[in-house]
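[1] sequence unavailable; structure follows:
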């Protein structure tokens, strides 16, 4: 999302900016469950490019013995490259479903923050001194635009955790989201309470890390 926002800000009001912002607007507007079903219908049912669900195909997982339960790490530890490629292929559609909305939001916030910074006097001074444009964008503008972007990025982890319930259910992906969903269907209230508490703690810790990162992004906070 950040590279897309930076690119859109640099190419303000041009075709690339319009294309990026139109795509981000569509991404923000799509419900997670509808996007997941659409991706399955398009890439799995019609085009047969990607698997519709699961973590590992039957052929690749026939002799696969998990160690940690994280299949990417397990395949690397066992040097099973066939299983690794199969796990990554199965990860494409769930990752697209989960990441589209946060990516679109971060891209729009990054563009807005970059445009505000690029209009500042010190940016015009740097350009007047003959500083290369890439240094103006990445070393001067982007560094000062990251503060609001990091705030929104931390908040988007909450939406990721919430969207995981629907995404894992759609793609038959065993995780905390599907665990909570099955607990709701079975009226297993301790499971639901434990899942909600875990998600809440994870969200608080992520935002705590974002607050700590402010000290590195903004020297004024250190003083």
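    Looks like it came in fine. All values reported here derive from a predicted model rather than from experimental measurement.
[2] need the contact list for residue 72.
    84, 87, 88, 91 (CB atoms under 8 Å, 6 or more residues apart in numbering). All C-beta atoms are positioned from the backbone trio N, CA, C, and that covers glycine.
[3] one more time with 7 Å
    84, 87 (CB atoms under 7 Å, 6 or more residues apart in numbering).
[4] tell me the pLDDT at residue 218?
    If you check residue 218, the pLDDT there is 65.
[5] with residue 204 instead?
    Residue 204 is assigned a predicted lDDT (pLDDT) of 85.
[6] mind listing what's buried in the strand or helix carrying it?
    According to DSSP states H and E, residue 204 maps onto helix 189-217. By 16 or more other CB atoms under 10 Å, the buried positions in helix 189-217 come out as 192, 195, 199, 203, 206, 210, 213.
[7] and the residues you listed, which two are furthest apart?
    192 and 213 (31.9 Å; CB to CB).
[8] of all residues in this protein, which one is nearest the centre?
    Residue closest to the mean C-alpha point of the chain, counted by CA atoms, centre = their mean, is residue 99 at 3.9 Å.
[9] give the next helix or strand downstream of the host helix or strand of it.
    Assigned by DSSP H and E, residue 99 belongs to helix 81-118. Going down the chain from helix 81-118, the next helix or strand is helix 121-128, by DSSP H and E.
[10] tell me the helices and strands packed up against that following helix.
    Here helix 121-128 touches no other helix or strand, going by 3 or more CB pairs under 7 Å, 6 or more residues apart in numbering; DSSP states H and E.
[11] relative to helix 81-118, how tilted is that helix?
    Helix 121-128 runs at 100 degrees relative to helix 81-118, counting by axes from the mean of the first three to the mean of the last three CA atoms, to 10 degrees.
[12] other residues contacting whatever helix or strand comes next after helix 121-128?
    Remark: after helix 121-128, the chain's next helix or strand is helix 133-135, criterion DSSP H and E. Contacts with helix 133-135, where a contact means CB under 7 Å, 6+ apart, come from no residue at all.
[13] what do you get for stretch 40-60?
    For stretch 40-60, the surrounding residues in contact (CB under 7 Å, 6+ apart) are 64, 71, 82-83, 86-87, 89-90, 92-93, 171-173.
[14] chain center to the helix holding residue 99, what's the gap?
    In terms of CA atoms, centre = their mean, to the nearest Å, the centre of helix 81-118 is set 4 Å apart from its chain centre.
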